[in-house]
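Visitor: Below is the sequence, then the predicted model.
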Amino acid sequence: MIARPVVQSDRDSWEEEFRSWMAIRSRLDKICEFLTSQDFDSFILQDSKLALLVKQRHPESVSFSSFKQYFQERLFWKRNQIVHFGKIDFGVPEAEQCVHIAATLFKIMKDMDDVSIKRMDGNQRAAPKT
(Lines give C-alpha, C1' and ligand atoms only; values in the text may rest on other atoms or scores of the structure.)
Protein backbone atom coordinates (compact mmCIF):
# COMPACT_ATOMS: atom_id res chain seq x y z
CA MET A 1 0.00 0.00 0.00
CA ILE A 2 1.37 3.41 -0.98
CA ALA A 3 0.96 6.29 1.43
CA ARG A 4 -0.71 9.36 0.02
CA PRO A 5 -1.31 12.84 1.37
CA VAL A 6 -4.40 13.40 3.50
CA VAL A 7 -7.01 15.43 1.64
CA GLN A 8 -10.15 17.19 2.83
CA SER A 9 -12.40 14.35 1.69
CA ASP A 10 -10.41 12.03 4.00
CA ARG A 11 -10.94 14.40 6.91
CA ASP A 12 -14.65 14.68 6.12
CA SER A 13 -15.13 10.91 6.05
CA TRP A 14 -13.11 10.48 9.26
CA GLU A 15 -15.19 13.12 10.99
CA GLU A 16 -18.36 11.31 9.93
CA GLU A 17 -16.94 8.06 11.35
CA PHE A 18 -16.06 9.75 14.66
CA ARG A 19 -19.59 11.12 14.85
CA SER A 20 -21.20 7.72 14.42
CA TRP A 21 -18.77 5.87 16.71
CA MET A 22 -19.05 8.30 19.55
CA ALA A 23 -22.57 9.62 19.01
CA ILE A 24 -23.15 11.94 21.90
CA ARG A 25 -26.87 11.79 21.17
CA SER A 26 -27.07 8.19 22.36
CA ARG A 27 -24.91 9.00 25.39
CA LEU A 28 -27.18 11.88 26.35
CA ASP A 29 -30.16 9.53 26.11
CA LYS A 30 -28.46 6.83 28.18
CA ILE A 31 -27.51 9.12 31.06
CA CYS A 32 -30.94 10.74 31.03
CA GLU A 33 -32.70 7.37 30.98
CA PHE A 34 -30.53 6.20 33.87
CA LEU A 35 -31.34 9.25 35.96
CA THR A 36 -34.94 9.99 34.92
CA SER A 37 -36.32 6.99 32.98
CA GLN A 38 -36.85 9.31 29.99
CA ASP A 39 -34.84 10.07 26.88
CA PHE A 40 -33.03 13.42 26.72
CA ASP A 41 -35.46 15.27 24.47
CA SER A 42 -38.53 13.98 26.33
CA PHE A 43 -37.03 15.10 29.64
CA ILE A 44 -36.56 18.64 28.36
CA LEU A 45 -39.93 18.83 26.64
CA GLN A 46 -41.92 17.51 29.64
CA ASP A 47 -40.57 20.39 31.75
CA SER A 48 -41.98 23.53 30.15
CA LYS A 49 -39.70 25.82 32.19
CA LEU A 50 -36.60 23.90 31.11
CA ALA A 51 -37.69 23.76 27.46
CA LEU A 52 -38.36 27.49 27.50
CA LEU A 53 -34.98 28.17 29.13
CA VAL A 54 -33.14 26.21 26.43
CA LYS A 55 -35.08 27.94 23.66
CA GLN A 56 -34.49 31.39 25.18
CA ARG A 57 -30.76 30.82 25.73
CA HIS A 58 -30.32 29.17 22.34
CA PRO A 59 -33.00 30.36 19.90
CA GLU A 60 -31.23 28.57 17.05
CA SER A 61 -31.96 25.24 18.78
CA VAL A 62 -35.55 25.30 17.48
CA SER A 63 -34.29 24.77 13.93
CA PHE A 64 -32.79 21.39 14.92
CA SER A 65 -34.74 18.13 14.88
CA SER A 66 -33.95 17.57 18.57
CA PHE A 67 -32.20 19.17 21.51
CA LYS A 68 -29.60 16.43 21.60
CA GLN A 69 -28.79 17.08 17.94
CA TYR A 70 -28.33 20.76 18.78
CA PHE A 71 -25.88 20.05 21.60
CA GLN A 72 -24.03 17.50 19.51
CA GLU A 73 -23.55 19.76 16.51
CA ARG A 74 -22.97 23.07 18.28
CA LEU A 75 -20.74 21.86 21.11
CA PHE A 76 -19.33 18.39 20.56
CA TRP A 77 -18.54 18.71 16.86
CA LYS A 78 -16.37 21.74 17.62
CA ARG A 79 -14.64 19.73 20.32
CA ASN A 80 -13.98 16.95 17.81
CA GLN A 81 -12.47 19.40 15.34
CA ILE A 82 -10.02 20.55 18.02
CA VAL A 83 -9.17 17.15 19.49
CA HIS A 84 -9.12 14.99 16.36
CA PHE A 85 -8.09 17.43 13.65
CA GLY A 86 -6.05 20.00 15.52
CA LYS A 87 -8.22 22.88 14.38
CA ILE A 88 -7.36 25.62 16.84
CA ASP A 89 -8.25 28.74 14.92
CA PHE A 90 -11.59 29.30 16.61
CA GLY A 91 -12.06 32.80 17.95
CA VAL A 92 -13.43 34.27 21.15
CA PRO A 93 -17.06 34.32 19.90
CA GLU A 94 -16.98 30.56 19.21
CA ALA A 95 -15.38 29.89 22.60
CA GLU A 96 -17.97 32.01 24.40
CA GLN A 97 -20.77 30.26 22.53
CA CYS A 98 -19.40 26.83 23.54
CA VAL A 99 -19.14 27.88 27.19
CA HIS A 100 -22.72 29.18 27.05
CA ILE A 101 -23.97 25.94 25.48
CA ALA A 102 -22.01 23.83 27.98
CA ALA A 103 -23.49 25.81 30.88
CA THR A 104 -26.99 25.04 29.58
CA LEU A 105 -26.10 21.36 29.24
CA PHE A 106 -24.83 21.33 32.83
CA LYS A 107 -28.12 22.92 33.96
CA ILE A 108 -30.06 20.17 32.18
CA MET A 109 -27.87 17.50 33.80
CA LYS A 110 -28.36 19.08 37.23
CA ASP A 111 -32.11 18.91 36.69
CA MET A 112 -31.78 15.25 35.70
CA ASP A 113 -29.79 14.59 38.85
CA ASP A 114 -32.44 16.38 40.94
CA VAL A 115 -35.10 14.04 39.52
CA SER A 116 -32.95 11.05 40.39
CA ILE A 117 -32.37 12.29 43.94
CA LYS A 118 -36.10 12.87 44.48
CA ARG A 119 -36.83 9.36 43.24
CA MET A 120 -34.21 7.86 45.57
CA ASP A 121 -35.55 9.88 48.51
CA GLY A 122 -39.07 8.63 47.74
CA ASN A 123 -37.83 5.05 47.56
CA GLN A 124 -36.00 5.48 50.85
CA ARG A 125 -39.09 6.87 52.59
CA ALA A 126 -41.24 4.08 51.16
CA ALA A 127 -38.86 1.32 52.30
CA PRO A 128 -40.03 -0.64 55.32
CA LYS A 129 -38.37 0.34 58.59
CA THR A 130 -36.42 -2.40 60.27
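Guide: Structure received.
Visitor: which residues does the residue nearest the centre of the chain contact?
Guide: Most central in the chain under CA atoms, centre = their mean is F71, positioned 4.4 Å from the mean C-alpha point. By CB atoms under 8 Å, 6 or more residues apart in numbering, the contact set of F71 is 24, 28, 101, 105. (Each C-beta comes from the backbone N, C-alpha and C, glycine too.)
Visitor: For the residues you listed, pick the one with the most neighbours.
Guide: Neighbour counts for those (other CB atoms under 10 Å) peak at L28, which has 25 neighbours.
Visitor: For that one, which non-adjacent residue is closest in space?
Guide: The shortest distance from L28 to any non-neighbouring residue, by CB to CB, 6 or more residues apart in numbering, is to F40 (4.2 Å).
Visitor: The top helix by length along the chain packs against which elements?
Guide: Ordering each helix of the chain by length in residues (DSSP state H) puts helix 92-126 first. Counting contacts by 3 or more CB pairs under 8 Å, 6 or more residues apart in numbering; DSSP states H and E, helix 92-126 packs against helix 24-36, helix 40-46, helix 48-57, helix 77-85.
Visitor: I'm done for today, thanks for sticking with me.
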